[in-house]
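Chemist: Take this sequence and fold it.
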Amino acid sequence: MAAARKLAASIGPQGVRVTPTGALAPAEVPAAARSLGLRAKPPIRRAADVPAVHRGWLTAVAAGLVRVTSGRAIATAAPDPDGPPSADEAVLAGWLEGLRLICADLSGRQRPDTVQWLVLLTLDYIVDEDLIDEIDDDEADPPCG
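Modeler: Residues are numbered from 1 along each chain as shown. The predicted model follows:
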């Protein structure tokens, strides 16, 4: 979400050009990369050539931080790029939608549900308190070898 907020905050009042699918136009990618503290190496044929920018952009659009219309995108609000993440349900729903778009993009739109399922399963596994307790117990009593 941090990249999404930074990208949305970097959009000027005139907006930025986007492709017919809503991705950043290749000419806009270097400025977007700079807003994230990155450098985009030419040639840039499409936004996906710079994954950190592309994923941040997909999240910004899905979270409603950016609105795409008539070949341009504008920020819907003035998000604080350095502010703390919001716990607002709409932002969390947007985060999930961003995850779905990223999974679709990573899968080449072939099996986005499978990639999404793997990511959500991994997140669930990471935050499972029983797993954390197991890890703590394992570290206290290393197996005999």
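
Chemist: May I ask which helix or strand of this protein has the lowest mean pLDDT?
Modeler: None of the helices or strands of the chain scores lower by mean pLDDT, DSSP states H and E than helix 129-140, at a mean of 48.

Chemist: tell me what the helix ranked longest in the chain is packed against?
Modeler: Identified as the longest helix of the chain according to DSSP state H is helix 89-106. Judged by 3 or more Cβ pairs under 8 Å, 6 or more residues apart in numbering; DSSP states H and E, helix 89-106 is in contact with helix 51-62, helix 112-127. Heads up, the C-betas are built off the backbone N, CA and C, glycines and all.

Chemist: could you dump that helix to PDB, C-alpha only?
Modeler: Output of helix 89-106 as PDB, limited to C-alpha atoms (Å, rounded to 0.1, in the frame of the first residue of the first chain):
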ATOM      1  CA  GLU A  89     -12.300  -1.100   5.600                       C
ATOM      2  CA  ALA A  90     -12.400   0.500   2.100                       C
ATOM      3  CA  VAL A  91      -8.600   0.600   2.000                       C
ATOM      4  CA  LEU A  92      -8.300  -3.000   3.200                       C
ATOM      5  CA  ALA A  93     -10.800  -4.000   0.600                       C
ATOM      6  CA  GLY A  94      -8.800  -2.100  -2.000                       C
ATOM      7  CA  TRP A  95      -5.600  -3.900  -0.800                       C
ATOM      8  CA  LEU A  96      -7.300  -7.200  -1.400                       C
ATOM      9  CA  GLU A  97      -8.500  -6.100  -4.900                       C
ATOM     10  CA  GLY A  98      -5.000  -5.000  -5.600                       C
ATOM     11  CA  LEU A  99      -3.700  -8.400  -4.600                       C
ATOM     12  CA  ARG A 100      -6.200 -10.000  -7.000                       C
ATOM     13  CA  LEU A 101      -5.000  -7.700  -9.800                       C
ATOM     14  CA  ILE A 102      -1.400  -8.500  -9.100                       C
ATOM     15  CA  CYS A 103      -2.100 -12.200  -9.000                       C
ATOM     16  CA  ALA A 104      -3.900 -12.000 -12.300                       C
ATOM     17  CA  ASP A 105      -1.000 -10.100 -13.800                       C
ATOM     18  CA  LEU A 106       1.600 -12.500 -12.400                       C
END
